[in-house]
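**Q** give the three-dimensional model of this entry:
(one chain, ligands or ions: 1)
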Amino acid sequence: MTGTSVLAGRRALITGAASGIGAAIARAYAGAGAALALADLDPAGLAVAADGLPEGTAVTRHVLDVTDAGAVQDTVAAAIEAHGGIDVLVNCAGILTEVPLVEMDPATWDRMLDVDLRSVFLCCRYTVPHMIESGGGRVVNVASQLGQKGGEGLTHYSAAKAGVIGFTKALAREVSRHGVLVNAIAPGPIETPLIDGLSPEWKAAKGAELPLGRFGRPEEVAPTAVLLAADPAGNLYTGQTLGPNSGDVML
Ligand SMILES: NC(=O)c1ccc[n+]([C@@H]2O[C@H](COP(=O)([O-])OP(=O)(O)OC[C@H]3O[C@@H](n4cnc5c(N)ncnc54)[C@H](O)[C@@H]3O)[C@@H](O)[C@H]2O)c1
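**A** Next up is the predicted model:
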């Protein structure tokens, strides 16, 4: 579906766009004709991501901490001002740490829930009213298959991502009748800087249990985000969690 103009005329705000899956979604959306507002904590990474987009892409960069409610509100307003609106919101910013529960301090738990779950609430809180007012939109929340099955040393991450999946279903029920379709993507392990910090033992065990026998690449996740934003491909999806996960979870 990428490479065609299925998102021509759409304006997308993508968080976590400086790296990994978010940057790949930005490339796929630009390739499909969308205008982009790229948001991330990392200004240098944002510049590299924006510079790598196809010539002629309408793109703005927004340095943003997704845990800061005021900053999220300002970024949403700036993106609407720059592009004339937001049709698609991709919540992709996230962090990952590995700590057994018996060693986890409350600050580590709180930080994970802030970055990986509360941020999704904040970005939706300030974007969805605009979508309702404009007659519709699409929200794509990047969760994780670990939110569906859990992962050792990852109680905080698994809880945050399960929260994203529950949030997605509830918001879909609340706003789909206004034309705002809300879905999640729950990738399996993907080769990005996010998983650099996981132990070699964790990665080896994980790779061995995957039916496909390998981790994915960001560009193998991005087409699912294109599908969910596209018309007609995504028109009947709402409240769903799609799983480009190497077979790790089968629903
Ligand atoms: N890589 C995987 O194996 C995997 C699997 C399932 C789900 N995911 C999810 O995919 C999403 C993207 O992860 P990735 O693998 O591309 O990781 P990544 O580290 O390559 O990218 C994450 C991006 O989020 C940004 N970010 C972190 N904290 C932020 C904050 N407070 N405000 C704004 N931006 C912030 C980082 O700067 C970075 O650019 C995450 O939500 C992650 O949980 C990743």
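
**Q** count the residues that sit near Leu210.
**A** Counted with other C-beta atoms under 10 Å, residues neighbouring Leu210 total 16. (Glycine included, C-beta is placed from N, CA and C.)

**Q** and the gap between the residue nearest to it when sequence neighbours are not counted and the ligand?
**A** Of all residues not flanking Leu210 in the chain, Ser246 sits nearest, at 4.4 Å (C-beta to C-beta, 6 or more residues apart in numbering). Spatial separation of Ser246 from the ligand under the definition C-beta to the nearest ligand atom, to the nearest Å is 10 Å.

**Q** isn't Ser246 right up against Glu209?
**A** No. When contacts are counted by C-beta atoms under 8 Å, Ser246 is not listed as touching Glu209 (9.7 Å).

**Q** the more surrounded of those two?
**A** Under the neighbour definition other C-beta under 10 Å, Ser246 and Glu209 were set side by side, and Ser246 has more, 22 against 10.

**Q** pull up the distance across stretch 189-206, start to finish.
**A** Across stretch 189-206, the terminal residues are separated by 8 Å (C-alpha to C-alpha, to the nearest Å).

**Q** quick one: buried residues of that stretch?
**A** Neighbour counts using 16 or more other C-beta atoms under 10 Å place Pro189, Ile190, Thr192, Leu194, Ile195, Leu198, Trp202, Lys206 of stretch 189-206 among the buried residues.

**Q** swap in stretch 62-70?
**A** His62, Leu64, Val66, Thr67.

**Q** which of the three states applies to the closest residue in space to Thr241 that isn't next to it in sequence?
**A** Closest residue to Thr241 in three dimensions, ignoring its sequence neighbours and counting by C-beta to C-beta, 6+ apart: Ala184, at 4.4 Å. Reducing the assignment at Ala184 to three states with DSSP: H, G, I helix; E, B strand; the rest coil gives strand.

**Q** was I right to think Ala184 contacts Gln240?
**A** Yes. Under the criterion of C-beta under 8 Å, Ala184 makes contact with Gln240 at 7.2 Å.
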